[in-house]
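Asker: coords below, sequence missing:
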């Protein structure tokens, strides 16, 4: 909460509090200074052209299409760092934009208007977009809001095109001071994707609706926001004090001390709720009979780092490193990677961080790899193709760079603070080969004079295929630890891709086949006394904690948000009960019956004594 | 990302209308056939060789035309007719009907 800028500017000194009511779209409260972002209007005067200029206008249109496509694709690649919900909202929309920029009716129509109506490129695009919007809006449908939304989607891409034809600047969301409340006439979903939640405490706009793409993005980013505040940008000036109540949809410009006090009370109540969780955060994850369970968090993007401490995680059980490779044209070098790992390891203050080396299988989200010869094509079946460690063993340079960065990080961290995890292993020899590279890199670094730990960080294996699970006894001889990735394990075991709607209902991590594989791998690890953890959605489901503990798992890694509930579950359990329960479950062959047992145990109906 | 949406399809040999598969489904996702749903439908339709047409409110558009699909204005509860003609018409029909019936995996 910043107050130093609250001093009103002389001219506006007399202005009292103004309350603007809009639509609440993302809950929470914010007090901050207004930062307005203006975008030059796209409207341009209608322009007729002479026939010889047709070719010029066609070229201008083509250049703008190419540029717009590039922008959309760039944005598509960038959204990988956003929360999942935001990705799901925006990803398919950007795909749709990219299609509209292809050989669509909009583009064909605009080209035709240049030629036959002799219009400037920008006029042709907006005319065609308006024509399409008019057809959409003329439909007989009760859902007028839906039709309007569709028309907006067409106009949105047309605006991007005209902006590029005219060479007008897009809204700049850079250099926003920390603690700002962003105001704008309207934000596009693409704008929302570029907001930095660590600098922007709140958002308020003149226009917009509760179920628009932008609103969903703002909710996913967790920024308290109010939209459809008519007259907002008229009234507010940069640097004005403003408060936002994202639960009631009110924006207070020049708030009085009373308003601020009331809001701070609400903020305090919000914080109290958080404190309840914080109390749990300090309590150990210990069963009633004294068995300690390690609860770790998964980390996908750097922005999640503060959540990990908040959730009370005792480490990072799965640090996905793909984010280092996204949103850039080149591959991250050893120093770039090292800086990121150091930041994370230092933030964890000596708690273990399990770094999974690049797990990539030809998806389009890493441009530098898609465009290099590392991956010439994603085969007909990428899930069964060159991915994870398989790819890295084909491109040892990538692996060596990553190992070097990790080993250097470990050299300056407490012992045991860094672990290395290998994705997509199916045969023990892959681990052996990788360890050779690992040790070679370590020798090279030592010769270079780098400080490395005496004992190299543990090298573990993801158990995520039935092959790895059933060969776990052999792989355990080569690996220092196991991490069972239940999402992929279930997918490969049941031959179900959850993204395929027709078979998604068959996806079930509680299928006995999946559970038996998990049991086999866990027992193999326990026999050789190597640590074994479960990461994946199962680990974050409080109802499944008794089963996992009963199978012998004592380390779970999950989304930070699920951790408090899982901890609560652990603290209510008795290991002997869990073991008995797991035996009962493992006797079952019917998935439906297993679900029933799990539900009953969770609701306490099962006789536990 | 494909350049060919809305473009011409290679006409299939079977011009016999009796060979055309036709099926009617109801849009069940709350946002109807908006941009994202249309994009999913186009992506799916492009996988098949047969000609696929979607009709609603008395208009017919190719299933691989994103603007066309959005212009149908088919909202929740709207009845759409899918027509498929070609050697893989049956599979295409099932896939497209499945996608629509699954509410485009939204909601």
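Answerer: Sure thing, it's come through. Just so it is clear, the structure is predicted and the values come from calculations on it, not from any experiment.

Asker: Nearest to chain A: which residue in chain B?
Answerer: residue B:73 (2.7 Å; Cβ to the nearest Cβ). Bear in mind the C-beta positions are built from the backbone N, C-alpha and C, glycine included.

Asker: can you pull the contacts of the residue nearest to that residue when sequence neighbours are not counted?
Answerer: Of all residues not flanking residue B:73 in the chain, residue A:139 sits nearest, at 2.7 Å (Cβ to Cβ, 6 or more residues apart in numbering or on different chains). Listed by Cβ atoms under 8 Å, 6 or more residues apart in numbering or on different chains, the contact set of residue A:139 reads A:147, B:57, B:71, B:72, B:73.

Asker: In three-state terms, label residue A:139 for me.
Answerer: Assigned with DSSP: H, G, I helix; E, B strand; the rest coil, residue A:139 falls in the coil class.

Asker: Got the phi and psi for the residue in chain A positioned nearest to chain B?
Answerer: Nearest residue of chain A to chain B: residue A:139, at 2.7 Å (Cβ to the nearest Cβ). Phi and psi for residue A:139, reported as degrees, to the nearest 10, are phi -60, psi 150.

Asker: Over to residue B:99?
Answerer: Main-chain torsions, residue B:99, degrees, to the nearest 10: phi -60, psi -40.

Asker: That one contacts residue A:501, doesn't it?
Answerer: Yes - with contact defined as Cβ atoms under 8 Å, residue B:99 reaches residue A:501; the gap is 6.7 Å.

Asker: Give me the pLDDT for the residue nearest the centre of chain B.
Answerer: In chain B, the C-alpha closest to the average C-alpha coordinate belongs to residue B:63, at a distance of 3.8 Å (Cα atoms, centre = their mean). If you check residue B:63, the pLDDT there is 93.

Asker: what's near enough to touch it?
Answerer: Taking Cβ under 8 Å, 6+ apart, we find residue B:63 in contact with B:41, B:42, B:45, B:52, B:53, B:54, B:69, B:82, B:96.

Asker: Just give the nearest non-adjacent residue to the third one, would you?
Answerer: Pointing back at residue B:45 there. residue B:63 (3.8 Å).

Asker: what does chain B have sitting close to chain A?
Answerer: B:1-7, B:31-32, B:34-36, B:38-40, B:42-43, B:57, B:65-68, B:70-78, B:95, B:98-99, B:102, B:105 (Cβ under 8 Å from any Cβ of the partner chain).

Asker: Who are the packing partners of whichever strand or helix holds residue A:434?
Answerer: Secondary structure assignment for residue A:434, by DSSP states H and E: helix A:428-447. Contact partners of helix A:428-447 among helices and strands, from 3 or more Cβ pairs under 8 Å, 6 or more residues apart in numbering or on different chains; DSSP states H and E: helix A:389-394, helix A:396-411, strand A:418-422, strand A:458-463, helix A:472-478.

Asker: Show me what counts as buried in the second one.
Answerer: To tie it back to what came earlier, the one meant is helix A:396-411. A:398-411 (16 or more other Cβ atoms under 10 Å in any protein chain shown).

Asker: which parts of the helix or strand harbouring residue A:64 are buried?
Answerer: Secondary structure from DSSP H and E places residue A:64 in helix A:54-78. For helix A:54-78, burial by neighbour count (16+ other Cβ under 10 Å) applies to A:54, A:57-58, A:60-61, A:64-65, A:67-69, A:71-73, A:75-78.

Asker: tell me, which of these make contact with chain B?
Answerer: Filtering the buried residues of helix A:54-78 for neighbours of chain B using Cβ under 8 Å from any Cβ leaves A:69, A:73.
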